[in-house]
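# Based on what follows, work out the 3D shape:
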Amino acid sequence: MGQDSTREPGVTPSADLRPEIPHPARMYDYYLGGKDNFPADREAAERALAANPEFRSTARANRAFLQRAVRFTAGLGIDQFLDIGTGIPTAGNTHEIAQDIDPRARVAYVDNDPIVLTHARALMAGMGRGRTEVVQADLRDPAGVLAAAEVRELIDFSRPVVLVLAAVLHFLTDEDEPAEVVGTLVEALAPGSHLVLSHGTADFIPAEVRDRVTGVYSKATAPLVGRSREQVGAFLTGSGLDLLDPGVVTVPLWRPDTEPPAGADRVSMYGAVARKP
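As a prediction, the model looks like this:
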């Protein structure tokens, strides 16, 4: 008696966590098979999966894209990573991939969700590799992200940086001015910096499926806004970046390690990497 049966062991909600309201980061954790989520997150995620069963495989494909893109950019000799909207930590995080290639690599994770921060900080504690910090800030305030003391202490913006915006911009509405957000962040980067971006799309699903999925997220702490290939590409080229081959493609098709599975060209997530000249 007295045990809170509404949460998984090890997840301690606070007044800030709002466990009764689905949160996209915790839903994404559920898609990936994680346990850092609440009943409201799982129920919402199951409704999204009922509407589009490919959500789980898309989340995994996006994770694999992130790992390939980080490995690629770290292989270029870039040793600073600013990962915004990191989500619940799981295997193959940005710092693990980057620091496997260069143990001195510095990684700043930025998120605005208390449960993400709690778990990320616990995961990073005592890792004994390159410097890694977890910073609380909101992507919708890019100037605030760039001004955060922890970011400024860790990231030297006079040298190339890898900016990671993986599966996060689709939680910004048009009113949040996502193009301006990207532009502000890119403007702060030195030449030779790279942007790793992935973004959900409804290009390959029927309108009724799109509406059911967006309806689920409309009751969460952030909406889901799928954008077209052209709109996703505009975030990059509109910020003055040079798209690297193969351009904006579905995430399994971005420089795959193995033969992509059937249907890889219709996965509902675009990915791209671009360089600041």
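# helices and strands of this protein: which one bottoms out on pLDDT?
In the chain, the helix or strand scored least confidently by mean pLDDT, DSSP states H and E is helix 114-124, which has a mean of 73.
# In terms of secondary structure, what does that one contact?
Contacts defined by 3 or more C-beta pairs under 8 Å, 6 or more residues apart in numbering; DSSP states H and E place helix 114-124 against helix 24-31, strand 106-111, strand 132-136. (Glycine included, C-beta is placed from N, CA and C.)
# Let me have the ones you listed in TSV, adding mean pLDDT, mean neighbour count and distance to W254 as columns.
Output for the helices and strands packed on helix 114-124, formatted as TSV (pLDDT from 0 to 100; neighbours: other C-beta atoms under 10 Å; distance: least, C-beta to C-beta, whole Å):
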stretch	mean pLDDT	mean neighbour count	distance to W254
helix 24-31	84	25	19
strand 106-111	92	26	21
strand 132-136	88	21	25
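# would you turn the ones you listed into a markdown table with distance to D41?
Shown next, in a markdown table, are the helices and strands packed on helix 114-124 (distance: least, C-beta to C-beta, whole Å):
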| stretch | distance to D41 |
| --- | --- |
| helix 24-31 | 4 |
| strand 106-111 | 16 |
| strand 132-136 | 20 |
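# just for this structure, where's the confidence low?
1-17, 89-91, 123-130 (pLDDT under 70).
# mind redoing it with 80?
Under the criterion pLDDT under 80, the flagged ranges of the chain are 1-18, 36, 86-92, 113-130, 220-222.
# Using CSV, list the CA coordinates for the least confident helix or strand of the chain.
Extracted in CSV, the C-alpha atoms of helix 114-124 (Å, rounded to 0.1, in the frame of the first residue of the first chain):
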residue,chain,number,x,y,z
PRO,A,114,12.5,17.6,-16.5
ILE,A,115,12.3,13.8,-16.9
VAL,A,116,14.7,14.0,-19.8
LEU,A,117,17.1,16.1,-17.7
THR,A,118,16.9,13.8,-14.7
HIS,A,119,17.6,10.6,-16.7
ALA,A,120,20.2,12.2,-18.9
ARG,A,121,22.2,13.5,-15.9
ALA,A,122,22.0,10.2,-14.2
LEU,A,123,23.3,8.4,-17.3
MET,A,124,26.2,10.9,-17.8
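# so how far is it from its chain's centroid?
15 Å (C-alpha atoms, centre = their mean, to the nearest Å).
# Contact partners for the residue nearest the centre of the chain?
Geometric centre of the chain, nearest residue: A166, 3.1 Å, by C-alpha atoms, centre = their mean. By C-beta atoms under 8 Å, 6 or more residues apart in numbering, the residues touching A166 are N62, F65, L66, D83, G85, V196, L197, S198.
# now swap in T237 and tell me
Counted by C-beta under 8 Å, 6+ apart, T237 has contacts L243, A274.
# Could you figure out how far the lengthiest helix in the chain is turned away from strand 106-111?
Assignment by DSSP state H gives helix 55-75 as the longest helix of the chain. If you take axes from the mean of the first three to the mean of the last three C-alpha atoms, to 10 degrees, helix 55-75 sits at 150 degrees to strand 106-111.
# which other residues reach helix 55-75?
28, 31-32, 45, 48-49, 81, 90, 92, 94, 97-98, 101-102, 105, 162, 164, 166-167, 194, 196, 198, 200, 213, 250-252, 254-257, 264, 267-269, 271, 273.
# For A262, grab the count of nearby residues.
By the measure other C-beta atoms under 10 Å, the count of residues near A262 is 7.
# What's the separation between G233 and R159?
27 Å (C-beta to C-beta, to the nearest Å).
# Comparing these two, which shows the higher neighbour count?
More crowded of G233 and R159, by other C-beta under 10 Å: G233, with 19 against 14.
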